[in-house]
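Q: one predicted model, sequence on top.
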There are 2 protein chains.
Amino acid sequence: MAVYTEVSDADLARFLADYDLGRVLALKGIAEGVENSNYFLHAERGYFILTLYEKRVDEKDLPFFLALMEHLAARGVNCPHPVKNKHGSALGRIADRPAALVTFLEGMWRRNPSVRSCAAAGGALGALHCAGADFPLSRDNSMGLESWRSLFEEARPRSGELQPGLADEIAKELAFLNANWPQHLPRGIIHADLFPDNVLFLDDQVSGLIDFYFACTDQLAYDLAICLNAWCFEPDGSYNLTKGLALLGAYERIRKMSAVEAEAFLILARGAALRFALTRLVDWLNVPANALVHPKDPREYIKKLRFHQQAKSIRELGLLR
Amino acid sequence: MAVYTEVSDADLARFLADYDLGRVLALKGIAEGVENSNYFLHAERGYFILTLYEKRVDEKDLPFFLALMEHLAARGVNCPHPVKNKHGSALGRIADRPAALVTFLEGMWRRNPSVRSCAAAGGALGALHCAGADFPLSRDNSMGLESWRSLFEEARPRSGELQPGLADEIAKELAFLNANWPQHLPRGIIHADLFPDNVLFLDDQVSGLIDFYFACTDQLAYDLAICLNAWCFEPDGSYNLTKGLALLGAYERIRKMSAVEAEAFLILARGAALRFALTRLVDWLNVPANALVHPKDPREYIKKLRFHQQAKSIRELGLLR
């Protein structure tokens, strides 16, 4: 939620000299996305998003992200389309940072997703998994199971500041997940962060999926669990079974999960909850209490984790078998 | 540089029901402006800026600001044009905050203004002063000389954290300005914050003046001094006389200052420097050192103040008589 790098006139002119966009008509910093600096760019040839990749993104991953967006767009997924420069590359540099231009997508993200929005999100995720099936590159999930232990060790000493007893609770869950995590489910390209603010709508239709900077190769059903956690709980922490049924049903109309995936789904949902609880916890502990930008509350995801821990069957999530 | 208030789907729909803009196609928070929450809004009928006024803006001043923009736009000043709703009002409410829609202006602000940009800014300020001459409303300058004493008292106890001896230096300057501040110069509508980020350009032409939320009634030449300080110093702190000549010359081709104004100009420039040194100092002392958003450095304006203190004549600023 910030612009970390100011773009000077000379920097912008130098960067755009490699493109054929015509005159620049407007450039505004966008207050969305916490990892990179994003600008809305209006040029004679169209509307674009200009992204400067800040240090939290590993430069060597950028070709993967850009090629993936191009691949998905070519297969009909509404996602930002990287614009290539005159040298045929989608990647340039501004102010000593890697930078890329992608097409601007119309649409608004749903601050309060309805049941129909949840169904649309589930369907879009299914379509993304299918469209990614023949993508030739791969990337390890840097936020997968193996990373949770070190995130926890980083947060552990001060996690009691958030909630007494939290360290023990997380340690127990980590041990459980390490012992029970499924290993052989169907893998492929996952978005890994399909929260409501990454799905744009025009009326009831999904008009765009954005922010592919956590995308990687991992178990597909885990991506669905991340999505379910992000869309199907209410602000008061309760699980909305109707939304769960809608999201899972729409996903499975496009890609039906196998019996093994369905059976593992509750564990995947626990892992997906713990992953966001841990990253939020680390952020929460590292931001001063009176900062202008408030980190997201990790407790939201601790509550989701507890919901899944007490669930006795995938039917309680709305996954029908 | 933030969006302080999230706009829910229902809030936006309720607000826009009073307008006739067609379907909403995009809404993005803009990372510019530190006082309010600003959104870029694309609707079928055009491109707009949606502003939610946060607590630093006094609600009773809003009719002044909106009427002023309307007045100036009607006189050919390129500034945002408030859009009236079906009830004939330019002011509505979103999320319990006053909110207004204005037209989106194309153009980019100059991160590194050239001599020609400085001339264009000076000319635009002259035109603004002329266009405002018959505006019927008035508003006291809440950031004028009278406010500096209390800003200083707020910052005084900790001002040494920024620079040893700063409190004495400011106290001396305040005493000087209180004794010497001109009282009877021509008054009118001033922008009061015409920094580079509030002037949009397309090529070498000014395409828009924005952010009228400090506008008020005050001595016109003081506004020119604020503008000069903001545009004519280089990043290393040195005064660029060529830029000063260009900015002042372009202003005076539109509104020639009287002999009394010219004579007082060095004192006005000192006051204009102290005003921004003081507000930046207060912000600087009130933001935690490790916050994500860094306040602007007050020392930039202390340096500008010292430059004006040592100047022996208005000719050193480029004001020719």
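A: Done, it's in.
Q: all helices for the stretch 201-321 of chain A, in order.
A: A:220-231, A:241-254, A:259-286, A:299-310 (DSSP state H, counting those that start in this stretch).
Q: give the other helices and strands that the longest one contacts.
A: Pointing back at helix A:259-286 there. helix A:145-155, helix A:166-180, helix A:220-231, helix A:299-310 (3 or more Cβ pairs under 8 Å, 6 or more residues apart in numbering or on different chains; DSSP states H and E). Where you see a C-beta, it was placed from the backbone N, CA and C, and this is true even at glycine.
Q: so which of those is the most packed in?
A: helix A:220-231 (a mean of 26; mean count of other Cβ atoms under 10 Å in any protein chain shown).
Q: mind checking how far that one is from the chain centre?
A: 10 Å (Cα atoms, centre = their mean, to the nearest Å).
Q: so is it next to chain B?
A: No. Figure legend: helix A:220-231 not in contact with chain B (Cβ under 8 Å from any Cβ of the partner chain); closest approach 14.3 Å.
Q: if we look at that helix, which residues are touching it?
A: A:113, A:117-118, A:121-122, A:125, A:129, A:185-188, A:190-196, A:243-244, A:247-248, A:251, A:255, A:257, A:261, A:264-265, A:268-269, A:271-273, A:275-276, A:301, A:304, A:317 (Cβ atoms under 8 Å, 6 or more residues apart in numbering or on different chains).
Q: how about stretch A:82-93?
A: A:15, A:18-21, A:48, A:62-63, A:66, A:69-70, A:98-103.
Q: try it again with 7 Å
A: A:15, A:18-20, A:48, A:62, A:66, A:69-70, A:98-103 (Cβ atoms under 7 Å, 6 or more residues apart in numbering or on different chains).
Q: what about those residues, which are in helices?
A: A:15, A:62, A:66, A:69-70 (DSSP state H).
Q: can you redo these as JSON lines with neighbour count and distance to A:Ala155?
A: Compiled in JSON lines, the ones in helices among the contacts of stretch A:82-93 are given as follows (neighbours: other Cβ atoms under 10 Å in any protein chain shown; distance: Cβ to Cβ, whole Å):
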{"residue": "A:Phe15", "neighbour count": "19", "distance to A:Ala155": "38"}
{"residue": "A:Leu62", "neighbour count": "18", "distance to A:Ala155": "28"}
{"residue": "A:Leu66", "neighbour count": "20", "distance to A:Ala155": "32"}
{"residue": "A:Met69", "neighbour count": "23", "distance to A:Ala155": "32"}
{"residue": "A:Glu70", "neighbour count": "18", "distance to A:Ala155": "37"}
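Q: coming back round to it: taking the contacts of stretch A:82-93 together, which two end up most distant?
A: Greatest spatial distance in these: A:Asp20 and A:Leu62, 21.8 Å, computed using Cβ to Cβ.
Q: so who does the residue lying closest to A:Arg280 once chain neighbours are set aside touch?
A: Spatial nearest neighbour of A:Arg280, excluding adjacent residues (Cβ to Cβ, 6 or more residues apart in numbering or on different chains): A:Pro298 at 3.9 Å. Contacts for A:Pro298 (Cβ under 7 Å, 6+ apart) come out as A:162, A:277, A:280-281, A:284.
Q: tabulate these (a markdown table), appending neighbour count and pLDDT.
A: Formatted as a markdown table, the contacts of A:Pro298 follow (neighbours: other Cβ atoms under 10 Å in any protein chain shown; pLDDT from 0 to 100):
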| residue | neighbour count | pLDDT |
| --- | --- | --- |
| A:Leu162 | 18 | 90 |
| A:Ala277 | 28 | 98 |
| A:Arg280 | 20 | 95 |
| A:Leu281 | 28 | 96 |
| A:Trp284 | 20 | 91 |
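Q: return the member of those nearest to B:Gln219.
A: When the contacts of A:Pro298 are compared against B:Gln219 (criterion: Cβ to Cβ), the nearest one is A:Trp284, at 49.0 Å.
Q: how many residues are close by the residue lying closest to the closest one once chain neighbours are set aside?
A: Spatial nearest neighbour of A:Trp284, excluding adjacent residues (Cβ to Cβ, 6+ apart): A:Pro295 at 4.8 Å. Neighbourhood size, A:Pro295 [other Cβ atoms under 10 Å in any protein chain shown]: 17.
Q: tell me the pLDDT of A:Pro295.
A: Per-residue confidence (pLDDT) for A:Pro295: 82.
Q: test my guess that it contacts A:Leu281.
A: No. Using Cβ atoms under 7 Å, A:Pro295 is not in contact with A:Leu281, being 9.3 Å away.
Q: show me where the stretch 1-150 of chain A has strands.
A: Ranges of strands in the stretch 1-150 of chain A, per DSSP state E, counting those that start in this stretch, are A:24-29, A:37-43, A:46-52, A:92-94, A:97-103, A:108-109.
Q: could I get those strands in TSV, plus columns for mean neighbour count?
A: Supplementary listing: these in TSV, determined by neighbours: other Cβ atoms under 10 Å in any protein chain shown:
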stretch	mean neighbour count
strand A:24-29	20
strand A:37-43	21
strand A:46-52	21
strand A:92-94	19
strand A:97-103	22
strand A:108-109	20
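Q: can I get those in a markdown table with mean pLDDT?
A: Converted to a markdown table, these look like this (pLDDT from 0 to 100):
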| stretch | mean pLDDT |
| --- | --- |
| strand A:24-29 | 91 |
| strand A:37-43 | 93 |
| strand A:46-52 | 94 |
| strand A:92-94 | 94 |
| strand A:97-103 | 95 |
| strand A:108-109 | 92 |
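Q: now those strands as CSV including distance to B:Arg139?
A: Formatted as CSV, those follow (distance: least, Cβ to Cβ, whole Å):
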stretch, distance to B:Arg139
strand A:24-29, 28
strand A:37-43, 32
strand A:46-52, 37
strand A:92-94, 40
strand A:97-103, 42
strand A:108-109, 35
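Q: out of those strands, nearest to A:Ala311?
A: Closest among the strands of the stretch 1-150 of chain A, using Cβ to Cβ: strand A:108-109, at 28.0 Å.
Q: any residue of the closest one touching chain B?
A: Yes. Applying Cβ under 7 Å from any Cβ of the partner chain, one finds strand A:108-109 in contact with chain B at A:Met108.
Q: that older thread, tell me the contacts of the residue nearest to A:Trp284?
A: A:280, A:283-284, A:287.
Q: any idea how far the spatially most central residue of chain A is from chain B?
A: In chain A, the C-alpha nearest the mean C-alpha coordinate belongs to A:Asp193, at 1.7 Å (Cα atoms, centre = their mean). A:Asp193 sits at a distance of 18 Å from chain B (criterion: Cβ to the nearest Cβ, to the nearest Å).
Q: buried sites along stretch A:259-273?
A: Buried residues in stretch A:259-273, counted by 16 or more other Cβ atoms under 10 Å in any protein chain shown: A:261-262, A:264-273.
Q: want to throw the residues you listed into TSV with pLDDT?
A: As requested, the buried residues of stretch A:259-273 are arranged in TSV below (pLDDT from 0 to 100):
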residue	pLDDT
A:Glu261	98
A:Ala262	98
A:Ala264	98
A:Phe265	98
A:Leu266	98
A:Ile267	98
A:Leu268	98
A:Ala269	98
A:Arg270	98
A:Gly271	98
A:Ala272	98
A:Ala273	98
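Q: pick the one among those residues closest to chain B.
A: In terms of Cβ to the nearest Cβ, no member of those lies closer to chain B than A:Ala273, at 23.0 Å.
Q: wait, what's in contact with the closest one?
A: Per Cβ under 7 Å, 6+ apart, neighbours of A:Ala273: A:229, A:301, A:304-305, A:308.
Q: farthest pair in the residues you listed?
A: Farthest pair in those, by Cβ to Cβ: A:Tyr301 and A:His308, 10.6 Å.
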